[in-house]
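>>> just a sequence and a predicted model for now, questions to come.
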Amino acid sequence: MTENWQEAGFGLYVHWPFCAAKCPYCDFNSHVSDRVDHARWATALQRDLRYWAERTPGRRLSTIFFGGGTPSMMAPETLAAVIEAARGLWTPANDLEVTMEANPTSVEADRFAAFADAGVNRLSLGLQALDDGALRRLGRQHDVREGLAALEVSKSVVDRVSFDLIYARQDQTAKAWETELRQALDLAGEHLSLYQLTIEPGTVFARRAAVGKLRGLPDEDRAVDLWNITQDLCAAAGLTRYETSNHARPGTEARHNLIYWRGGDWLGVGPGAHGRLSFGTARLATVAHRAPGTWLDRNETTGSGTESEDALPPAEVAEEYLLMGLRTRDGIDLGRLRRLGGDVDASSLGRMVELGMVSTSGDRLRTTEAGALLLDAILAELSPIEP
């Protein structure tokens, strides 16, 4: 049976790899550069879109997401050219969601109106903290005053605005986080992304931690307290946790990210971008060349910066659906999991239900509020088996 992957939508992810500075916690594919040939990059990105449009005809494009790196460092003309090309190569949804991640510096905020004119209708701002000392520790290039000013500008140019905060930071107390989050909720409109600080391998923070120079991180008990504060305050403010780290008023969820979590199709272009595309019964995993120079050279010589295209085996497809879907409040459809070639062990599932970690209703499997805090352990228990 052919699975309808596009039922969850078809999206485009565009990776802009350049940043003004590398944050010490960041493990994304980002590169510091102050000299970028924007015209050359605009041409290359359009070329990659044409390459993939020939292989994905007739699809309805429901979202575009510009991530990075720092997409707000793009020339508005570059972004406009990519949006225009995408709209012409696929059939755009009437309510096409076009999101751009943005740094809240005054230099970039001055261009928000131009990005909106180019077609962006949703901005996601990396505020990261509402405390100047924390921003300095996180290596950010803005202070609170500048960040809040950028937030006001973003609200004036697009209807849909979200911003990110990082918590479980060094020396952060429960009381301090509660105060900061209450301020954030007063500022927020429809959506907040709230991430616990994680120390990712290969980052500056990881190297500091390895030599004992990253002190004051919360222990497990304090991290749980911070999580509970986050859930309680957001729920009371009407921003439901619809995914592990994302909260929104009903109906205002980030539709592009829902494509990932619900197992839809998306095309990834730009250095290091990943994609998932379905062709009949095949599920293709695509990866673009990671280094910007290599990506650009391959794009200009072959028509695409794609490095690999691999058909995923059914067991891996099923596992991916489980891993991504259980991050959401909606959970997964066990019937779909079986159609994809996987299932969960009945005894493991029963044990998780008995412990109050997951719940089932018909074929729908979800984590409970208690289970959402222990998602990694639940996933280890429920790793799909062949039916």
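Yep, it's here.

>>> got the buried residues for stretch 114-133?
115-116, 118-131 (16 or more other CB atoms under 10 Å). Where you see a C-beta, it was placed from the backbone N, CA and C, and this is true even at glycine.

>>> stretch 376-386 now?
Neighbour-count burial for stretch 376-386 [16+ other CB under 10 Å]: 378-379, 381-382, 384.

>>> make TSV out of those residues and add secondary structure.
Shown next, in TSV, are those (DSSP: H, G, I helix; E, B strand; the rest coil):
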residue	secondary structure
378	helix
379	helix
381	helix
382	coil
384	coil
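
>>> and those residues as TSV, adding pLDDT?
Converted to TSV, those look like this (pLDDT from 0 to 100):
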residue	pLDDT
378	92
379	90
381	89
382	88
384	70
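
>>> those residues into a markdown table, with extra columns for distance to residue 303?
Converted to a markdown table, these look like this (distance: CB to CB, whole Å):
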| residue | distance to residue 303 |
| --- | --- |
| 378 | 43 |
| 379 | 38 |
| 381 | 45 |
| 382 | 41 |
| 384 | 37 |
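
>>> between the residues you listed, which sits nearest residue 366?
residue 378 (10.7 Å; CB to CB).

>>> ok, the closest one to residue 362 distance?
19 Å (CB to CB, to the nearest Å).

>>> next SSE downstream of whichever strand or helix holds residue 227?
Using DSSP states H and E, residue 227 falls within helix 220-236. Heading C-terminal from helix 220-236, the first helix or strand you meet, by DSSP H and E, is strand 240-243.

>>> other residues contacting that following strand?
Outside strand 240-243, the residues that touch it by CB atoms under 8 Å, 6 or more residues apart in numbering are 231, 234-235, 247-250, 253, 257, 261, 327-330, 372.

>>> could I get the buried residue list for that strand?
Using 16+ other CB under 10 Å as the test for burial, strand 240-243 gives 240-243.

>>> for residue 150, which non-adjacent residue is spatially closest?
residue 104 (3.4 Å; CB to CB, 6 or more residues apart in numbering).

>>> phi and psi next, for the one you found.
phi -90, psi 50 (degrees, to the nearest 10).

>>> in the protein, what spans have low per-residue confidence?
1-6, 385-387 (pLDDT under 70).

>>> and the residue nearest in space to the middle of it, how far from residue 101?
By CA atoms, centre = their mean, the chain has its centre lying nearest to residue 257, at 5.8 Å. For residue 257, the distance to residue 101 (CB to CB) stands at 12 Å.

>>> tell me how this protein divides into domains.
5-260, 315-381 (automatic domain parsing).

>>> export those to a markdown table and tack on distance to residue 306?
Formatted as a markdown table, the domains of the chain follow (distance: least, CB to CB, whole Å):
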| stretch | distance to residue 306 |
| --- | --- |
| domain 5-260 | 8 |
| domain 315-381 | 19 |
